[in-house]
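# prediction below, plus the sequence it came from.
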Amino acid sequence: MNNQELKLSISSIINSSDLYESKLQDICTLLKDKVDHFDWVGFYFKNGDLNELKLSKFAGIPTAHTIIPFGKGICGQVAVSNKTFIVKDIEKQDNYIACNINVKSEIVVPIFVNGENIGQIDIDSNKLDAFTKEDEELLNFVCTKVAEINTPID
Ligand code: SME
């Protein structure tokens with residue numbers, strides 16, 4: 001699937017009548033299954049009022065790291081920096097939390113609702129330096145779409 005087709009599939013998941021959590025699961029599964037170099041795809045969100053992230057839906061090998069304090073690992077750093085973080089080679093990265101031994105590179109893209117960093121999509125690849133500008137652009141699209149369905153209606 002190319003990015004255009006992936007975006008159409010993401011939009012139809014977002015616009016479906018499914019429950020929010022089921023949409024997140026479908027997005028994880030779609031991305032993991034349809035993009036060769038995406039080997040683990042998951043969403044982490046701020047855990048209530050705590051300065052930590054909590055794992056939500058994911059596709060791939062289960063991880064022990066279901067709670068990540070702000071500042072720790074790539075995910076925790078993105079929670080604080082509000083910026084996309086690409087790790088080309090995890091072996092050369094400080095402050096990295098290893099989830100499984102096969103992972104070689106990673107991208108984490110924050111999700112903003114009304115300017116607030118509410119969470120992120122995290123993708124691991126078993127390939128070195130796997131992530132491209134096109135991936136980043138696709139994941140920005142995913143995060144914008146997920147943000148839309150997070151916005152409280154008042
Ligand atoms: N590697 C991440 C932890 C999450 S796992 O990749 C699923 C990190 O350093 O924050």
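Yes, it's here.
# let me see the backbone angles for the residue of the chain found nearest the ligand.
With Cβ to the nearest ligand atom as the measure, the residue in the chain that lies nearest the ligand is G73; the distance is 2.5 Å. (Glycine included, C-beta is placed from N, CA and C.) The phi and psi values for G73, taken as degrees, to the nearest 10, are phi 70, psi -180.
# where's the residue lying closest to it once chain neighbours are set aside relative to K72, distance?
Sequence neighbours aside, I97 is the residue nearest to G73 in space, at 3.4 Å (criterion: Cβ to Cβ, 6 or more residues apart in numbering). The span separating I97 from K72 equals 7 Å under the rule Cβ to Cβ, to the nearest Å.
# who has more neighbours, those two?
Of the pair I97 and K72, K72 is the one with more neighbours under other Cβ atoms under 10 Å, namely 18 against 15.
# which residues does the more buried one contact?
95, 97 (Cβ atoms under 8 Å, 6 or more residues apart in numbering).
# can you tell me which helix in this protein is longest?
For the chain, the helix that runs over the most residues, judged by DSSP state H, is helix 133-150.
# which parts of that one are buried?
Buried residues in helix 133-150, defined by neighbour count with 16 or more other Cβ atoms under 10 Å: 135, 138-139, 141-143, 145-147.
# if we can go back for a sec, and the residue nearest to G73, which of the three is it?
The three-state assignment at I97 reads coil, by DSSP: H, G, I helix; E, B strand; the rest coil.
# that one: what's it in contact with?
With contacts defined as Cβ under 8 Å, 6+ apart, the neighbours of I97 are 65, 68, 72-76.
# state the pLDDT value of C99.
In this model, C99 is scored at 89, pLDDT.
# burial count for it?
22.
# so who does it touch?
40, 61, 63-65, 124.
# quick check: the farthest pair among the residues you listed?
Longest distance between any two of these is 13.9 Å, between A64 and D124; criterion Cβ to Cβ.
# out of the two, which sits in the more crowded spot?
More neighbours surround D124 than the other of A64 and D124, with 29 against 9 (other Cβ under 10 Å).
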